[in-house]
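**Student:** Structure of the sequence below:
(one chain, ligands or ions: 2)
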Amino acid sequence: PGKPMIAPSILAADFARLAEEAQAVRGADWLHVDVMDGHFVPNLTIGLPVVQALLRSTDIPVDCHLMIEDPDRWAVDYAEAGAHNVTVHAEAVGDPVKVAKNIRAAGARAGLSVRPGTPLEPWTELLIHYDTLLVMSVEPGFGGQEFMPEVLDKVRAVRRLVDRGELQVLIEIDGGINADTIAEAAAAGVDCFVAGSAVYGADDPAEAVGRLRTMAEG
Ligand code: DX5
Ligand code: ZN
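**Tutor:** Ligands and ions are numbered 1, 2, ... in the order given. Below is the predicted model:
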């Protein structure tokens, strides 16, 4: 992997002060936005209008993680709004090739995410249509959960394919990333680390981003 990327998750920020919270993580590579619909996951967060407002208030590339049913219908709207990366869930997507094409045609990177219990094998050959693989290291739905190291086997498997030049995909991990877990994830071959509570729970979120990046560098 190249220089480790850090993507603070706005889920752990103060939703009443989103613009300021986005500015509080200067130096972050991506700003991770968790879109949840209360159906695909048992939690409801924010949708397109708030993402559009956030896009107007930050220069950090926005990384939309869609934890929603029927992403085939909605993903392209986030790409058209100006998101840098739009990730759909393997467990929810209907036509994964078409969705990826639509996201890319709208000018964004296309991401595919797998829950901790979802095996990678059936999806590996579809990854040629995607720019990002988002490996969930907690059950999607809530921040502040404990990291599941067993998902790193999936990271290692894809890292091998990328290093051999058989696949070109950025490997992102999401859930429970903090000072205690980031080095292990980095060693497995993660490129981009989502961190919610570890960034926004810190006194100085921007400093926390820098610290996490240094730890990921090993
Ligand atoms: C969980 C979300 C994560 C969450 C991570 O469903 O996808 O992005 O914000 O939060 P932490 O880093 O606190 O585990
Ligand atoms: Zn997320």
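
**Student:** Please make it C-alpha for all contacts and neighbour counts, starting now.
**Tutor:** Fine.

**Student:** What count of nearby residues applies to residue 155?
**Tutor:** Using other C-alpha atoms under 10 Å as the criterion, residue 155 is surrounded by 24 other residues.

**Student:** Quick check: residues of the protein near ligand 1?
**Tutor:** Counting by C-alpha under 6 Å from any ligand atom, the residues of the chain lying close to ligand 1 are 9, 11, 34, 140-145, 174-177, 195-197.

**Student:** could you redo the last one with a cut-off of 8 Å?
**Tutor:** With the criterion set to C-alpha under 8 Å from any ligand atom, the chain comes near ligand 1 through 8-12, 32-34, 65, 67, 136, 138-147, 174-178, 194-199.

**Student:** Find the helix or strand that the closest residue to residue 45 other than its chain neighbours is a member of.
**Tutor:** Spatially, and ignoring its direct neighbours in sequence, residue 45 is nearest to residue 36 (5.2 Å; C-alpha to C-alpha, 6 or more residues apart in numbering). Following DSSP states H and E, the helix or strand that holds residue 36 is strand 31-36.

**Student:** Contacts made by that strand with the rest, please.
**Tutor:** Defining contact as C-alpha atoms under 8 Å, 6 or more residues apart in numbering, one finds that strand 31-36 is touched by 7-11, 22, 43-47, 51, 60-68, 141, 194.

**Student:** Please compute how far it lies from its chain's middle.
**Tutor:** Centroid separation for strand 31-36 versus its chain: 8 Å, with C-alpha atoms, centre = their mean, to the nearest Å.

**Student:** State the mean pLDDT of it.
**Tutor:** Strand 31-36 shows a mean pLDDT of 98 in the predicted model.

**Student:** Follow the chain on from that strand and name the next helix or strand.
**Tutor:** On the C-terminal side of strand 31-36, the nearest following helix or strand under DSSP H and E is helix 48-56.

**Student:** tell me which residues in that next one are buried?
**Tutor:** Neighbour counts over helix 48-56 (16 or more other C-alpha atoms under 10 Å) mark 51-52, 54-55 as buried.

**Student:** would you turn the residues you listed into CSV with pLDDT?
**Tutor:** What follows is the buried residues of helix 48-56, written out as CSV (pLDDT from 0 to 100):
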residue, pLDDT
51, 98
52, 98
54, 98
55, 98
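
**Student:** Closest one to residue 18 out of those, please.
**Tutor:** Top of the list for closeness to residue 18, among those and by C-alpha to C-alpha, is residue 54 at 7.0 Å.

**Student:** Spatially nearest residue to the closest one, not counting backbone neighbours?
**Tutor:** Nearest residue to residue 54, sequence neighbours excluded (C-alpha to C-alpha, 6+ apart): residue 19, at 6.4 Å.

**Student:** residues touching that neighbour, list them.
**Tutor:** Contact criterion C-alpha under 8 Å, 6+ apart gives 54, 57-58 as the residues in contact with residue 19.

**Student:** rerun at 10 Å
**Tutor:** Residue 19 sits next to 53-58 when contact means C-alpha atoms under 10 Å, 6 or more residues apart in numbering.

**Student:** That one should be in a helix, yeah?
**Tutor:** Yes: if the criterion is DSSP: H, G, I helix; E, B strand; the rest coil, then residue 19 is within a helix.
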